[in-house]
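1. Return a 3D structure for these sequence lines:
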Amino acid sequence: MTFTLQHTDGSGTNARAGLIQTDHGLIQTPIFMPVGTVGSVKGVHLTELKDDINAQIILGNTYHLYLRPGIDIIRKAGGLHKFNGFDRPMLTDSGGFQVFSLTGIRKLKEEGCEFRSHIDGSKHFFSPEKVIDIERAIGADIMMAFDECPPGTADYSYARKSLNLTHNWLERCMARFRETSPLYGYNQSLFPIVQGCVYKDLRQESARFVSQYDADGYAIGGLAVGEPVEQMYEMIEVVNEILPQDRPRYLMGVGTPVNILESIARGIDMFDCVMPTRNGRNAMLFTANGVINMRNQKWQDCFEPVDPDGTSAVDTLYSKAYLHHLFKAKELLAMQIASIHNLSFYLWLVGEARKHIISGDYNDWHRQMIPQLSRRV
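-> Residues are numbered from 1 along each chain as shown. Next up is the predicted model:
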């Protein structure tokens, strides 16, 4: 994998525009990655994902794919690309966030993490080495190192112990990655993850520690997990002062459209979040003029397009009145339309951000967009 830094914003921010080259294609940054937890983006067909939404890269979840359908099935299929038919770049997380969310049914130790499946209660064990083997078998272009994701409210003592564990596991992940090879004839990259909660010294230490590995890219984890948004932005700034300028930076699990624009301004290149599809399934639409609750009675006789500004793939196909009716009737099509709209909007938003970075007026544009995106329509 290679990263070419093409432009930096000339209007007072640290926003960047670049190109990531993988064996499955190019990714223009900044980029948003739809989340395909179990090998599919919920409610979205492959053709819509590629043609309408124009997803350049999607995510798969190591924990969920390991449990279902299982790594043997994915390996027999020839990897996740062959299994789900998505022939563009893919990224897999390490499963760390999911495992450590299993409060009460997991045991953490230096060797790794023992946990019970949320599906049937069966017992499993993830070590750094096993996670790398699983991600090799899944076959994503970009793999994440196994880490512990502590809660945003963790005290300093817990955060310190957690960071030591994450760094020890990273050393083992990198060793395993270097002693193994891709299984399906194309290259894979491994991104270390910066942790450290909301403690500046821990974040700085972690950023320096991961930078020594000269990886193809770096991730920032453990944010948007309960801490105030101001602290999240501060930690991004702290970390990006240290991470290499010539490698992509991936902010994991973030977030709202406002979060994304603010993080781009601070030098982030890659994003993922379940919010577009999860909120869409619950009748919330993101638009350039604010957030819309499609269940509100005010849309009952509003026959204007869902997206009159043309920021999504469903802009002129359906009216707000029709989508309101579908949600009130609990029709499955409502959730599909809303998911496609929200994903299209997120991809439009990062595409617009890229245009304004290249033209050198990102700061003015993003400051204009923030109040619009924050409104409740």
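
2. Next, count neighbours for the residue lying closest to His366 once chain neighbours are set aside.
-> Once flanking residues are discounted, His366 sits nearest to Leu261: 4.6 Å by Cβ to Cβ, 6 or more residues apart in numbering. Placement of C-beta: from N, CA and C, glycine included. Residues within reach of Leu261, counting by other Cβ atoms under 10 Å, total 23.

3. can you check Asp214 too?
-> Around Asp214 there are 7 other residues, counting by other Cβ under 10 Å.

4. can you give me the helices in the chain?
-> 46-47, 62-67, 71-77, 80-84, 96-100, 128-138, 156-179, 200-211, 229-240, 257-265, 275-281, 320-328, 332-359, 362-374 (DSSP state H).

5. Would you check how far apart Gly112 and Tyr158 are?
-> Noted for Gly112: a distance of 19 Å to Tyr158, by Cβ to Cβ, to the nearest Å.

6. hang on, I meant Asp23
-> Distance from Asp23 to Tyr158, by Cβ to Cβ: 40 Å.

7. and what of Val274?
-> 26 Å.

8. in the stretch 51-200 of the chain, which ranges drop under the pLDDT threshold?
-> 100, 102-105 (pLDDT under 70).

9. Try it again at 50.
-> Judged by pLDDT under 50, the stretch 51-200 of the chain has no weakly predicted residues.

10. And the residue lying closest to Tyr184 once chain neighbours are set aside, its phi and psi?
-> Leaving aside its chain neighbours, Tyr184 sits nearest to Gly79 (4.5 Å; criterion: Cβ to Cβ, 6+ apart). Here is the backbone geometry of Gly79 (degrees, to the nearest 10): phi 100, psi 170.

11. burial of Gly79, as a residue count?
-> If we define neighbours as other Cβ under 10 Å, then Gly79 has 21 of them.

12. From Ala154, how far out is the closest residue to Pro150 other than its chain neighbours?
-> Setting aside the residues directly before and after it, Pro150 is nearest to Ser162 in space (Cβ to Cβ, 6+ apart), at 4.4 Å. Using Cβ to Cβ, Ser162 is found at 7 Å from Ala154.

13. Same check on Arg160?
-> 10 Å.

14. Help me confirm that Gln195 comes into contact with Asp147.
-> Yes - taking contacts as Cβ atoms under 8 Å, Gln195 lies within contact range of Asp147: 5.9 Å.

15. Which of Gly112 and Tyr158 has more residues huddled nearby?
-> Just comparing Gly112 and Tyr158: by other Cβ under 10 Å the higher neighbour count belongs to Gly112, 20 against 14.

16. Pull the contacting residues for that one.
-> Gly112 sits next to Phe125, Phe126, Ser127, Pro128, Lys130, Phe146, Trp169 when contact means Cβ atoms under 8 Å, 6 or more residues apart in numbering.

17. Counting neighbours, which of the residues you listed comes out on top?
-> Those, ranked by neighbours (other Cβ under 10 Å): first place Phe146, 29 neighbours.

18. rewinding a little: what is in contact with Ser162 and Ala154 at once?
-> Between them, Ser162 and Ala154 share these contacting residues under Cβ under 8 Å, 6+ apart: Cys197.

19. returning to that earlier point: so if I had to pick from Arg160 and Ala154, which one is more boxed in?
-> Ranked by neighbour count (other Cβ under 10 Å), Arg160 and Ala154 place Ala154 first, with 21 against 17.

20. what's the closest non-adjacent residue to the more buried one?
-> Closest residue in space to Ala154, ignoring its immediate chain neighbours: Cys197 at 5.2 Å, by Cβ to Cβ, 6+ apart.

21. Could you give the number of residues near Gly70?
-> 12.

22. residues in contact with the residue nearest to His366?
-> Going by Cβ under 8 Å, 6+ apart, the list of residues near Leu261 reads Leu349, Ala353, His366, Met369, Ile370, Leu373.

23. mind running it again at 7 Å?
-> Residues near Leu261 by Cβ atoms under 7 Å, 6 or more residues apart in numbering: Ala353, His366, Met369, Ile370.

24. Among these, name the buried ones.
-> Among the contacts of Leu261, those classed as buried by 16 or more other Cβ atoms under 10 Å are Ala353, His366, Met369.

25. Make JSON lines out of the residues you listed and add pLDDT and distance to Gly226.
-> Below are these laid out as JSON lines (pLDDT from 0 to 100; distance: Cβ to Cβ, whole Å):
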{"residue": "Ala353", "pLDDT": "98", "distance to Gly226": "26"}
{"residue": "His366", "pLDDT": "97", "distance to Gly226": "25"}
{"residue": "Met369", "pLDDT": "98", "distance to Gly226": "26"}
